[in-house]
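Engineer: the sequence and its predicted three-dimensional model are supplied below.
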Amino acid sequence: MVTYDSGSGASPDASDGGFLSRTVLNTSHKVIGLRYLWLALGSVLLGMLLSLLMRVHLVWPAVQIPFLSGFGGTAERYAALTMLHGSLMVFLVLTTAPQAGFGNYFLPLQIGAREMAFPVMNRFSFWATVFSLAGMTAAFFVQPHAGITLWTASVALFCLAALLTALNFTVTTLDLRAKGMTLPRMPLTVWAWFINAILSMLIFSILLAACVFLLSDRLLGSQFFSPLTFLSQQPSSLVQTTLLSLWQRLFWFFAQAEVYVAMLPCFGIVSHLLATFSRKAVWAERAAVLALCGVGLFGFCVWGQHMFSSGLNPWSPLVFSLLASSLGLPACILLLSWFGTLWKAKIQLNTAMLFALGFVSLFLAGGVSGLFLAGNDLAVVSVTDDFVTGHFHLVMGVAATFAILGALFFWFPKIFGRRLNEPLGKLHFWLTFAGVYCVFMPMHWLGLMTHSRAAESALAVNMPVGASLGGPLGASLRAFVTGATILTVGAQAIFLFNFIWSLWRGERTEDRNPWRATTLEWTVPSPVPVDSFGAADPMVYRGAYEFSVAGAPEDFIAQDVATSPAERASQIKQAAEARTKEN
């Protein structure tokens, strides 16, 4: 608990200041969170356009794409296109939107705080992210050597911003909770943001150091990854293998855990949405919190899963495979919690709930394919990366995007005071849901086809030179995937129209709590005012998911509603009965 003084940034919106104070120098967590969301929205639109260009190039390589005709048709240009797509989607969308965007806006509101712990640091992190986005995009338009240097510097800047944001989230959650907001009473969204911040501090610091070392080699002539080290006295093959392994260790220490940095906030958001629109408390809530902790812990420990070909100790793949397979345990607990919440519930199938259910479906489908990849044997002999691409996009890319869209439909009335159009939202959901399955499930089949073709070529080397992997069926599947990609990307125009139209002409929400939710952000007006909770600090009396409580006037009780004498007596009686059963 804290006491806000005049210099702590308690009212940082600076509505009475000038243009510079309202824009560049604004430290309000709500303004910064909304700007992160705008940044992610622009990045995801550009990233989808780049993915469409890549699919068109794969199926029709001779087609001249107007946007890329001036950059040449070399392999370096295509690699730069792929790198820009991955950078935008991983860093600026999947990492930024659920954590820095929604987390910045709603974490202080959900724990009853007036501001983040370090508002100025929060502002610096946002603008550092903006400059990193500009650098990553500019790297595509310059020569490859200079582009790699600029991209590495941009990634290092993003890592610094993410590291500071994670520190801010951790301190805010630990120190700025409202009176009565104990750890067991925190919503699962806050738990997910908190655990994700701890994991981010561990891994972004490693990638930041690796990028600084790499930049030092390229610009200052140091020898962190250079062959001109003390290893130069060894055989050249040993030098190259060792130096490559050193970079791989530092990179995958971050990259494998980055999957769960993108997914952890989505787990919390989906659990929150399922409970709200099922009108039930989260089933096995404490087990779900422990499962979130388990995902963060195991995700941090499986960094060697992708290093099976770098000359590690022969026992290392076994250890990392067991750790990767162990991720199924907390994932199963989360799935059981979600299914238990839905069991015999009064489900409200609005658009936000549909996207939450779509997330569960995609996470389950992609998780099954992950069990095969945990053993390494499929990846070792696979000719192409179609199977890995399908798995990765289903779990991390599309599933996380569904959670982000569900959160946007859920919190849109609180952010803007208007509601997104439900019929357009449902049409967008069904087209996108069908489209992503048509895009990424055939990729699994393509990967299995090339896997079997590789096994056949190992037995008989009479495979015709230049034969297409997978034959005519493989070519047909690739064309089908490209067509499905075009339709899926085109369906996003419905969402874009719905979003822009609702900002200007959408239905206004006079009710501050249209979803009948229980957490603290729904106790303040919509849009959230400058001072959030007003003159009085909020008080928390109960957990975050008090739905369908017997004897309550409505089917929910908000966290700031005081416990009545009758309810207190009922709680004492239930506790006594529980102790009697235990004895």
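Structural biologist: Now that the structure is in, tell me what you want to look at.
Engineer: just give the nearest non-adjacent residue to the residue nearest the centre of the chain, would you?
Structural biologist: Taking Cα atoms, centre = their mean, the centroid of the chain lies closest to Ala262, which sits 2.7 Å from it. Using Cβ to Cβ, 6 or more residues apart in numbering and skipping the chain neighbours, the partner closest in space to Ala262 is Leu94 (3.8 Å). Yep, even glycine has a C-beta here, placed from its N, CA and C like the rest.
Engineer: one more: Met201?
Structural biologist: Ala166 (4.5 Å).
Engineer: now swap in Ser200 and tell me
Structural biologist: Closest to Ser200 by Cβ to Cβ, 6+ apart is Ala166, at 3.8 Å.
Engineer: what is the longest helix along the chain packed up against?
Structural biologist: In the chain, taking DSSP state H as the definition, the longest helix is helix 236-278. Secondary-structure packing of helix 236-278 (3 or more Cβ pairs under 8 Å, 6 or more residues apart in numbering; DSSP states H and E): helix 102-111, helix 188-215, helix 285-301, helix 328-342, helix 351-373, helix 399-416.
Engineer: enumerate every residue touching the residue nearest to the centre of the chain.
Structural biologist: Contacts of Ala262 were listed using Cβ atoms under 8 Å, 6 or more residues apart in numbering, and they are Val90, Leu94, Thr95, Pro98, Met396, Ala400.
Engineer: could you redo the last one with a cut-off of 6 Å?
Structural biologist: Applying Cβ atoms under 6 Å, 6 or more residues apart in numbering, we find Ala262 in contact with Leu94, Thr95, Met396, Ala400.
Engineer: is it true that the second one lies in a helix?
Structural biologist: Think Thr95. Yes: when DSSP: H, G, I helix; E, B strand; the rest coil is applied, Thr95 is found to be in a helix.
Engineer: number of residues surrounding it?
Structural biologist: 25 (other Cβ atoms under 10 Å).
Engineer: and the gap between it and Gly406?
Structural biologist: 18 Å (Cβ to Cβ, to the nearest Å).
Engineer: and what of the last one?
Structural biologist: As for Ala400, its distance to Gly406 is 11 Å (criterion: Cβ to Cβ).
Engineer: quick check, pLDDT for the residue nearest to Gly543 when sequence neighbours are not counted.
Structural biologist: Nearest non-adjacent residue to Gly543, counting by Cβ to Cβ, 6+ apart: Arg185, 5.0 Å away. pLDDT recorded at Arg185 is 95.
Engineer: what about Arg185, neighbour count?
Structural biologist: 18.
Engineer: where does the prediction get shaky in the stretch 401-550 of the chain?
Structural biologist: 450-472 (pLDDT under 70).
Engineer: and the strands in it?
Structural biologist: Using DSSP state E, counting those that start in this stretch, the strands of the stretch 401-550 of the chain run over 418-419, 507-508.
Engineer: which of these is buried the deepest?
Structural biologist: strand 418-419 (a mean of 19; mean count of other Cβ atoms under 10 Å).
Engineer: how many neighbours does Lys414 have?
Structural biologist: 23.
Engineer: whoops, I mixed them up, Lys344
Structural biologist: Neighbour number of Lys344 under other Cβ under 10 Å is 8.
Engineer: low-confidence ranges, the chain, go.
Structural biologist: Checking the chain against pLDDT under 70 turns up 1-17, 62-74, 226-245, 305-315, 317, 374-384, 450-472, 564-579, 581-583.
Engineer: hmm, try it at 80
Structural biologist: 1-23, 57-78, 223, 225-248, 304-321, 324-325, 370-385, 447-475, 550-552, 563-583 (pLDDT under 80).
Engineer: and Leu487, how far from Trp515?
Structural biologist: Leu487 is 31 Å from Trp515, by Cβ to Cβ.
Engineer: look at these two and report which has more neighbours.
Structural biologist: Trp515 (20 against 15).
Engineer: so what's that one closest to, chain neighbours aside?
Structural biologist: Spatially, and ignoring its direct neighbours in sequence, Trp515 is nearest to Thr276 (5.9 Å; Cβ to Cβ, 6+ apart).
Engineer: out of the helices and strands packed on helix 236-278, deepest packed?
Structural biologist: Burial of those is given as mean neighbour count (mean count of other Cβ under 10 Å); helix 102-111 ranks first at a mean of 27.
Engineer: what's next to that one, contact-wise?
Structural biologist: 29-30, 32-33, 177, 181, 187, 190, 193, 407, 519-521.
Engineer: helices of the stretch 451-583 of the chain, residue ranges please.
Structural biologist: Under the criterion DSSP state H, counting those that start in this stretch, helices of the stretch 451-583 of the chain are mapped to 471-505, 565-582.
Engineer: tell me the contacts of the closest residue to Leu207 other than its chain neighbours?
Structural biologist: Nearest in space to Leu207, with sequence neighbours left out and distances taken as Cβ to Cβ, 6+ apart, is Phe254 at 3.9 Å. If a contact means Cβ under 6 Å, 6+ apart, then Phe254 has Ile203, Ile206, Leu207 as its contacts.
Engineer: measure the first one to Asn196 for me?
Structural biologist: Going back to what we said before, that points to Ile203. Counting by Cβ to Cβ, the gap from Ile203 to Asn196 is 11 Å.
Engineer: could you do Pro119 as well?
Structural biologist: Taken as Cβ to Cβ, the span from Pro119 to Asn196 is 20 Å.
Engineer: can you tell me the helix or strand for Phe392?
Structural biologist: Using DSSP states H and E, Phe392 falls within helix 386-392.
Engineer: tell me what that helix is packed against?
Structural biologist: With contacts taken as 3 or more Cβ pairs under 6 Å, 6 or more residues apart in numbering; DSSP states H and E, helix 386-392 sits against helix 351-373, helix 422-459.
Engineer: so the first one versus helix 471-505, what angle?
Structural biologist: Angle between the axes of helix 351-373 and helix 471-505 is 150 degrees (criterion: axes from the mean of the first three to the mean of the last three Cα atoms, to 10 degrees).
Engineer: mind putting the strands of the stretch 401-550 of the chain in CSV, distance to Pro553 included?
Structural biologist: Below are the strands of the stretch 401-550 of the chain laid out as CSV (distance: least, Cβ to Cβ, whole Å):
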stretch, distance to Pro553
strand 418-419, 25
strand 507-508, 26
